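kindly generate the corresponding structure for this input.
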Amino acid sequence: MRAERSGWSLVERLGEGDFAVVDAVERAGESGAMKQATSGNVSARERLRVEHDALALLDHPSIPRVIDADLDDDAPWFVMTLAPGHSALWVVDEWAKQGRVHGPIETLRFLSQLLSALQHMQETRELVHRDIKDANVIVDHATCHATLIDFGFCKRAGVSSIRDKDSFWRAGAARFSPPGKLDDPALAVASHDVFALGVIAYRLLTGLHPWSVGTADGLAAYKRHVRSNPLVLPHEENSMVPIEVSRLVGRMLQLSDEERITTAEAHDSTSSLLADLESGSRSTRRATVQSHPHVIRDPLRGDVRLTEYEYRLLNTPEMQRLRWIRQLGLTNLVYPGADHSRLSHSIGSLERAESMLRAIEMIEGIRVDADLREQTRLYALLHDVTHIAAGHTIEDQLGFFERHDENQGRFARLLGKEDSVLGSLLRSTVAGTVTIERLESPGSLGDDFVGQAVSSPVGADVLDYLDRDAFHCGLDHRVDSAIFRQLRLYARDNPSDRKLVSTTSGKYGIRVDREFAAESLLVERYAMFLKVYTHSAKLAADAMLGKALAELAGTRGSLKEAEFESLGDETLLQYLMASKKVLVSQTAARLKSRMLPRAVFRSRILGEDEQLNRLSYADAQQHAKEEGFDSYKGRRLVELALSRATKVDASRIFFYYPFRAPGFKRADHWLQKTASERPEWRQIAGVSPILRKHLRLWESWVFLADGSESERAAVAEAAEDALQMPNMIEEYRRTLL
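All right, here's what the predicted structure looks like:
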């Protein structure tokens, strides 16, 4: 080598590669690192010049500075400042032998310096390093200083040109590259450097690579693996990593170039986190395993374990009121065993959500984020907190109040007031605050993981109430536990935007049985609506309750909704029986004694010749509004009209017209055909015929109490004339002209 001519003397060899060698050198007491191109290698000379020119332009404490150079020598060289310490590659591997990893403060110090160097490169010279990896980062633990080296791949941002026979222009280390870089190695993108530093931070914190598989099977297989497997965040591998630090690294490792955090954002977040950790001003949370000291015995699920926080929430007055609200309202007049409460369903939903999370962990071999688990369990436990006695009848079918999950006034009364024990307890924690936001606006978050895990067609709510309702009604319509096998946690592009996905792929391609599992769940749900939720005797009881409430509202035009929120099903009847209005008290008394009226008229709201789809459903709902059937006042007018036509007292006539079709709602879900494909938000396979069946359950009824045969026939005929709908009850059927 010619380096000695400039007075530099060799101290030791630091590294040797295909293009150059690096030696520690000294001259007149000054230390440096000399990089010399491999003699005769044109690509090596070119790469050396690129690195020299880049370093000459840059001035940052975490980037070497050029001291001396001779690029025209037969074996060109330059000397740069010597970075103290060892490569991150060497350190991580050596520490792994001792079972050691870096702490969050030390990691953030290194990361902050390296991000600052990237920001300097990008903002002052528009340069992208393109070959950041643990071998090209030098860390010095004595001074806690990090240096970025080897700028031979450096390019200006946005450049995609390729030099002939110049492989180093094309790629960096695959395991430090996001999919966008692997797909187009020639393009210089600033956020690719951020991703690489995210990998290094992950390595320091855990000793592992973010995606455990290597590249031994080829680059294509590696890309498929990365795209097909969710990122396991650092705190899920090392519980001592604060969740805030873990999530920052996750944002740096987002697969999508567009969604990845920028260099400036990453640097600001790192510096802020570091300052808080060093000063102790931030109460950082670690991913510790929560204890579940409280046990509740459930008839379906056995032992259901709760955390201390969950147990305290469960024992608030706002939640305990659900103990006195039956899950199926007046259905116990048909199925005597259907006395189970909404509180038991809430506990069961939490258990189903936990079973879902455990299935995902076992199948995917990951640990679900502690925050995600806490939020999912809390939402499952509290999702029905705003229900009232006979809620579905009073709200969904008869329209006296807004639906429980859309009722802002009730939400404010139960959770928003300062004296709300549940609200105060929820607002005392981060997870509780997020749960309040979700309860207040469930639709806005319905397609994320927590919303899907609880409220989707395959969510914990459905998985519990189908089993629970069937069990207490003595029916055999149960959920096939195979549904848990197809559920996955999808968070590949954006770790903070996680979704519950049903995958239909298997080892040998599409699994038809997995499509059937989701479809069969909807079939069992339809069977319960057919046999239980729309049973004629239950609808007769609902109609009686509706008449009592309508009479109670009377000319006042409304009911005091807040009064109903403290009532259970039994106390609701007592409340009505205590009314000074005779019709209200008598109707409630008859209802309590199961003295139900007899059906004389029944007709499908969507006729036989109508298309069963969302358009016809919307048209029928609009027609109901125009006729006034969506309000108790309009239904009362129909009863009065039937009374005038038949001379039968209106107090004995019960007109039932539900505004919503039973169980008819969207059955969309995140579905994934193969592991390499992105999930799609679409309907579960085979759902359309089932939804059309639900529209067939949408029926109008007229019931008559204590009527003679002639009175029943007269009311039936009058109902056909008034409603202009054919009667499906054989003994009263006639043909409308």
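
and the residue nearest the centre of the chain?
Central residue of the chain (C-alpha atoms, centre = their mean): residue 449, 1.4 Å from the mean position.

contact partners for the closest residue to it other than its chain neighbours?
Leaving aside its sequence neighbours, residue 449 sits nearest to residue 498 (C-beta to C-beta, 6 or more residues apart in numbering; 4.1 Å). For every residue, glycine as well, the C-beta is placed using N, CA and C. By C-beta atoms under 8 Å, 6 or more residues apart in numbering, the contact list for residue 498 reads 230, 369, 372, 448-449, 489-491.

same thing with residue 598?
Residue 598 touches 540, 703-705, 707, 712, counting by C-beta under 8 Å, 6+ apart.

which of the contacts of residue 498 sit farthest apart?
230 and 448 (14.3 Å; C-beta to C-beta).

what about the spatially closest residue to residue 706 that is not a sequence neighbour, how many neighbours?
Of all residues not flanking residue 706 in the chain, residue 652 sits nearest, at 6.2 Å (C-beta to C-beta, 6+ apart). By other C-beta atoms under 10 Å, the residues close to residue 652 number 17.

for residue 652, give its distance to residue 579.
Residue 652 sits 18 Å away from residue 579, going by C-beta to C-beta, to the nearest Å.

picking up where we left off before, so which of the contacts of residue 598 sits lowest on pLDDT?
The lowest pLDDT within the contacts of residue 598 belongs to residue 707, with 88.

which of the three states applies to that residue?
When classified by DSSP: H, G, I helix; E, B strand; the rest coil, residue 707 comes out as coil.

hmm, it is touching residue 715, no?
Yes: if you go by C-beta atoms under 8 Å, residue 707 and residue 715 touch, sitting 6.9 Å apart.

using the three-state scheme, assign residue 15.
strand.

and the next element down the chain from the helix or strand of the chain with the lowest mean pLDDT?
One helix or strand of the chain scores below all others by mean pLDDT, DSSP states H and E: strand 509-510, with a mean of 60. Moving toward the C-terminus from strand 509-510, the next helix or strand (DSSP states H and E) is helix 512-528.

re the thing from before, tell me the contacts of the residue nearest to the centre of the chain?
So residue 449 contacts 372, 376, 489, 491, 498-500 (C-beta under 8 Å, 6+ apart).

try it again with 7 Å
372, 489, 498-500 (C-beta atoms under 7 Å, 6 or more residues apart in numbering).

how near is it to residue 458?
Per C-beta to C-beta, residue 449 is found 13 Å from residue 458.

what do you get for residue 730?
From residue 730 to residue 458 the distance is 39 Å (C-beta to C-beta).

now do residue 538
26 Å.

what secondary structure does the closest residue in space to residue 659 that isn't next to it in sequence sit in?
Of all residues not flanking residue 659 in the chain, residue 630 sits nearest, at 4.4 Å (C-beta to C-beta, 6+ apart). Secondary structure, three-state DSSP: residue 630 is coil.

in this structure residue 630 contacts residue 624, no?
Yes: the pair residue 630 / residue 624 is scored as a contact, 5.1 Å apart, by C-beta atoms under 7 Å.

give me the common contacts of the two.
Taking C-beta under 7 Å, 6+ apart as the contact rule, residue 630 and residue 624 both touch residue 659.

kindly confirm my reading that residue 24 forms part of a strand.
Yes: per three-state DSSP, residue 24 lies within a strand segment.

show the contacting residues for it.
Contacts for residue 24 were tallied using C-beta under 7 Å, 6+ apart; they are 11-12, 14, 31, 33, 82.

switch to 6 Å and redo it
If you count contacts by C-beta atoms under 6 Å, 6 or more residues apart in numbering, residue 24 has them with 11-12, 14.

kindly report the same for residue 207.
92, 96, 101.

can you give me the distance of it to residue 137?
Applying C-beta to C-beta, the value for residue 207 to residue 137 is 15 Å.

list the buried residues for stretch 256-266?
Within stretch 256-266, the residues that count as buried by 16 or more other C-beta atoms under 10 Å are 257, 260-261, 263, 266.

could I get these as JSON lines with distance to residue 54, secondary structure and pLDDT?
Output for those, formatted as JSON lines (distance: C-beta to C-beta, whole Å; DSSP: H, G, I helix; E, B strand; the rest coil; pLDDT from 0 to 100):
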{"residue": "257", "distance to residue 54": "22", "secondary structure": "coil", "pLDDT": "91"}
{"residue": "260", "distance to residue 54": "23", "secondary structure": "coil", "pLDDT": "94"}
{"residue": "261", "distance to residue 54": "24", "secondary structure": "coil", "pLDDT": "94"}
{"residue": "263", "distance to residue 54": "17", "secondary structure": "helix", "pLDDT": "96"}
{"residue": "266", "distance to residue 54": "21", "secondary structure": "helix", "pLDDT": "96"}
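
shaky segments in the stretch 551-700 of the chain?
Applying pLDDT under 70 to the stretch 551-700 of the chain flags residues 555-557, 609-610, 675-676.

just the helices in it please.
Along the stretch 551-700 of the chain, counting by DSSP state H, counting those that start in this stretch, helices occupy 561-564, 569-577, 582-592, 614-627, 632-646, 687-696.

residue 600 versus the residue nearest to residue 310 when sequence neighbours are not counted, what's the distance?
Closest residue to residue 310 apart from its sequence neighbours, by C-beta to C-beta, 6+ apart: residue 381 at 6.1 Å. Applying C-beta to C-beta, the value for residue 381 to residue 600 is 44 Å.

same check on residue 706?
Residue 706 sits at a distance of 12 Å from residue 600 (criterion: C-beta to C-beta).

higher neighbour count, these two?
Shown here are residue 706 and residue 600; by other C-beta under 10 Å, residue 600 has more neighbours (26 against 11).

domain ranges for the protein, per the record?
3-80, 87-279, 294-533 (automatic domain parsing).

that older thread, just send the helices of the stretch 551-700 of the chain back as CSV, with distance to residue 360 and mean neighbour count too.
Listed next are those as CSV, based on distance: least, C-beta to C-beta, whole Å; neighbours: other C-beta atoms under 10 Å:
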stretch, distance to residue 360, mean neighbour count
helix 561-564, 39, 14
helix 569-577, 36, 18
helix 582-592, 45, 18
helix 614-627, 32, 14
helix 632-646, 46, 18
helix 687-696, 23, 18
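
what ranges do the helices span in the stretch 301-450 of the chain?
Along the stretch 301-450 of the chain, the stretches classed as helices by DSSP H, counting those that start in this stretch are 308-314, 317-320, 342-364, 370-382, 391, 408-411, 421-427, 430-440, 449-455.

okay, those, which one's buried deepest?
Among these, helix 449-455 has the highest mean neighbour count (mean count of other C-beta atoms under 10 Å), at a mean of 26.

so what's the gap between the helix or strand that comes right after it and the chain middle?
Following helix 449-455 in sequence order, the next helix or strand is helix 460-473 (DSSP H and E). Relative to the mean C-alpha coordinate of its chain, helix 460-473 is positioned 22 Å out (C-alpha atoms, centre = their mean, to the nearest Å).

tell me which residues are up against helix 460-473.
Against helix 460-473 from outside (C-beta under 6 Å, 6+ apart): 300, 335, 337-338, 340, 345, 348-349, 352-353, 380, 454-455, 477-479, 524-525, 528, 532.
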